[in-house]
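Participant: I'd like to go over a predicted model; first the sequence, then the structure.
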Amino acid sequence: MDDMNFPEHWKEIKLSNQQLFSFENGIWKGKKEPFEECAVVRNTNFTSDGYLDLTDVAVLPIEQRYLDKKSLKWGDIVIERSGGGPKQPVGRVVFFDLNDGTYCFSNFTSRLRVIDKNTIHPIFLFFFLLYFHDSGQTRKLQKRTTGIRNLIFADYKESTIPLPPLPEQRAIAHVLQTIQEAKFTRQREIALERERKAALMDALFSHGTKDEPRKQTEIGEIPESWEAVQLKEIAKLRRESVKPRDSQGLKFVGLEHIDSGESMLKRWGDASEMKSAKNRFYPDDVLYGKLRSYLDKAVIAEMDGICSTDILVFTANSKITSRFLVYLLHTEAFVNHAVATSTGISHPRTSWDSSEKFTFALPPLPEQRAIANVFQAIDEKTAALEKEVEYLDELFRAMLDKLMTGQRSAVPLIDTELPS
């Protein structure tokens, strides 16, 4: 950042300024009593947004004498000193935004604390350090030992940090926080939609939408107008294959293009580089991933194409709609059946011979359409929210770059319409 030209009214400082900042290295597991259990923030709790993911937090016995010195409080920034990967340089940061609980930080990290909050706003500093890492600056400040990337911390602390006036720092932080909060709101909505879909999957595939009387069958009680059938009675396996020379211009779908639990195909590849025969599919066919069936991969095709031989192509007959079939393959009952009938240890696969024997309750076609429409509406809403998240993430990264380099002022943005 030393070659960056910041606005003239901005100052420049270094993290090594002890009047502004204090640093503390992370904690090791305690060796001397008395101990006290403490939740420890590790590299695995870092997210790409710079906030904490506390779904899996290590709780370790820490020597009591270190707790005050090694604890975290609101406004602290935790810096990754060791870790990273081939495409991820070390030096990630997270902002500690909790006021409750006792948290420490691991030996692979360091804590940065702002001492003089009348000079520098902690959230502004966090966003700058997030930008500093995301723009690749920490790549120049790392070394590798035994395959692990380590931040050269002395050099990191000597990097130039821009310092706008405090009101401008607050304005920059406000703009970036507003965009991130809009993104987090959409992500929470997506999580709620997925929870709603999971609950409805269980209810609608066992009781339908009509609350009709029930009858006893070999698979238990089912709605009176439904029938117990095997998969082979309503679908068949498409066995058409395509050689590489005949695949030009077709879309290619591999297992990597199918998201677990999703019923809509959102991406694909190019078949022109295929070197072996692949399975052919057509619109309204259902593509089912037979490898590691616990991953729950099944989508409906909306175009012509070819797919990996680890994908089974199902075609529905007149007794079932393709939409209902694809959602059926996502039910817990079918996933459990596929897992139980898979063979192989390192690469377990199920097969059509096993899948065709799956027995389930089949409603009449109008009821199938009604059930599928419920799930399709949820899927479409989720997809729209995901596009918003993608847009907001792109907006955040663009604004982070422009605001942190002074290419754009945050002050006018406060009076304009920001994402809500």
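Facilitator: It's in. Numbering: from 1, shown residues only.
Participant: can you give me the helices in the stretch 301-420 of the chain?
Facilitator: Ranges of helices within the stretch 301-420 of the chain are 322-328, 332-340, 352-355, 365-404, 411-414, based on DSSP state H, counting those that start in this stretch.
Participant: now those helices in a markdown table, with mean neighbour count and distance to R113?
Facilitator: C-beta: built from backbone N, CA, C; applies to glycine. Below are the helices of the stretch 301-420 of the chain laid out as a markdown table (neighbours: other Cβ atoms under 10 Å; distance: least, Cβ to Cβ, whole Å):
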| stretch | mean neighbour count | distance to R113 |
| --- | --- | --- |
| helix 322-328 | 23 | 51 |
| helix 332-340 | 17 | 47 |
| helix 352-355 | 17 | 57 |
| helix 365-404 | 16 | 21 |
| helix 411-414 | 14 | 27 |
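Participant: can you tell which of the ones you listed is closest to V253?
Facilitator: Among the helices of the stretch 301-420 of the chain, the nearest to V253 by Cβ to Cβ is helix 322-328 (13.8 Å).
Participant: residues making contact with the closest one?
Facilitator: 201, 205, 234-235, 263, 284-286, 298-300, 314, 316, 334, 360, 368-369, 371-373, 375-376 (Cβ atoms under 8 Å, 6 or more residues apart in numbering).
Participant: Please apply the same query to stretch 136-152.
Facilitator: Here stretch 136-152 makes contact (Cβ under 8 Å, 6+ apart) with 1, 79-85, 89-91, 132, 155-156, 159.
Participant: Just the closest of these to R280, please.
Facilitator: G85 (37.7 Å).
Participant: still on that earlier bit, and the helices of the stretch 301-420 of the chain: which comes nearest F184?
Facilitator: Using Cβ to Cβ, the nearest of the helices of the stretch 301-420 of the chain to F184 is helix 365-404, at 9.1 Å.
Participant: and the closest one, what does it pack onto?
Facilitator: Applying 3 or more Cβ pairs under 8 Å, 6 or more residues apart in numbering; DSSP states H and E, we find helix 365-404 packed against helix 122-134, helix 166-207, helix 322-328.
Participant: could you give the angle of the second one to helix 122-134?
Facilitator: Angle of helix 166-207 versus helix 122-134, following axes from the mean of the first three to the mean of the last three Cα atoms, to 10 degrees, is 70 degrees.
Participant: Quick one: list the elements packing against helix 166-207.
Facilitator: helix 122-134, helix 322-328, helix 332-340, strand 359-362, helix 365-404, helix 411-414.
Participant: Nearest to E189 among the ones you listed would be which one?
Facilitator: helix 365-404 (5.5 Å).
Participant: domains of this protein?
Facilitator: The chain breaks down by automatic domain parsing into domains covering 11-163, 227-362.
Participant: Which of the helices and strands packed on helix 166-207 sits closest to T55?
Facilitator: Of all these, it is helix 365-404 that lies closest to T55, at 18.6 Å by Cβ to Cβ.
Participant: Where do the helices of the stretch 1-150 of the chain begin and end?
Facilitator: 64-70, 122-134.
Participant: other SSEs contacting the longest one?
Facilitator: This means helix 122-134. By 3+ Cβ pairs under 8 Å, 6+ apart, helix 122-134 packs against strand 77-80, strand 93-95, strand 109-114, strand 160-163, helix 166-207, helix 365-404.
Participant: Strand partners (parallel or antiparallel) of the third one?
Facilitator: Here strand 109-114 is paired, per DSSP bridges, with strand 21-25 (antiparallel), strand 77-80 (antiparallel).
Participant: chain center to it, what's the gap?
Facilitator: Distance of strand 109-114 from the chain centroid (Cα atoms, centre = their mean, to the nearest Å) equals 26 Å.
Participant: what does the fifth one give?
Facilitator: Here the centre of mass of C-alpha atoms in helix 166-207, compared against the chain's by Cα atoms, centre = their mean, lies 12 Å away.
Participant: go on, the first one?
Facilitator: How far strand 77-80 lies from its chain's middle: 21 Å, per Cα atoms, centre = their mean.
Participant: which residues touch it?
Facilitator: Counting by Cβ under 8 Å, 6+ apart, 41, 43, 46, 72, 90-96, 105, 108-113, 122, 125-126, 129, 151, 156 sit against strand 77-80.
Participant: Which of these are buried, as a ChimeraX select command?
Facilitator: Of the contacts of strand 77-80, the buried ones can be selected in ChimeraX as follows, counting by 16 or more other Cβ atoms under 10 Å:
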select :41,43,46,72,90,91,92,93,94,95,96,105,108,109,110,111,112,113,122,125,126,129,151,156
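Participant: about what we covered before: please identify which of the helices and strands packed on helix 166-207 is closest to D53.
Facilitator: So among the helices and strands packed on helix 166-207, helix 122-134 is nearest, using Cβ to Cβ, at 15.2 Å.
Participant: on that earlier part again, worst average pLDDT in the domains of the chain?
Facilitator: Sorting those by mean pLDDT places domain 11-163 lowest, at a mean of 87.
Participant: First-to-last residue distance for that one?
Facilitator: Domain 11-163 has an end-to-end distance of 5 Å (Cα to Cα, to the nearest Å).
Participant: In a strand, I222, correct?
Facilitator: Yes - I222: assigned to a strand according to DSSP: H, G, I helix; E, B strand; the rest coil.
Participant: wait, isn't it in contact with R214?
Facilitator: Yes - I222 is in contact with R214 according to Cβ atoms under 8 Å; the separation is 6.4 Å.
Participant: The two: which has the busier surroundings?
Facilitator: Neighbours were counted for I222 and for R214 using other Cβ atoms under 10 Å; I222 has more, 20 against 15.
Participant: And for that one, nearest residue in space, chain neighbours not counted?
Facilitator: Spatial nearest neighbour of I222, excluding adjacent residues (Cβ to Cβ, 6 or more residues apart in numbering): A361 at 4.1 Å.
Participant: And A370, by the same measure?
Facilitator: Leaving aside its sequence neighbours, A370 sits nearest to T209 (Cβ to Cβ, 6+ apart; 5.1 Å).
Participant: dump the residue contacts of that neighbour.
Facilitator: Taking Cβ under 8 Å, 6+ apart as the test, what T209 contacts is 367, 370-371, 374.
Participant: Out of the residues you listed, flag the one nearest to K290.
Facilitator: Among the contacts of T209, I371 lies closest to K290 (Cβ to Cβ), at 24.8 Å.
Participant: Please name the residues that touch that closest one.
Facilitator: So I371 contacts 204-205, 208-209, 324, 327, 363 (Cβ under 8 Å, 6+ apart).
Participant: for stretch 60-78, how far is the first residue from the last?
Facilitator: 18 Å.
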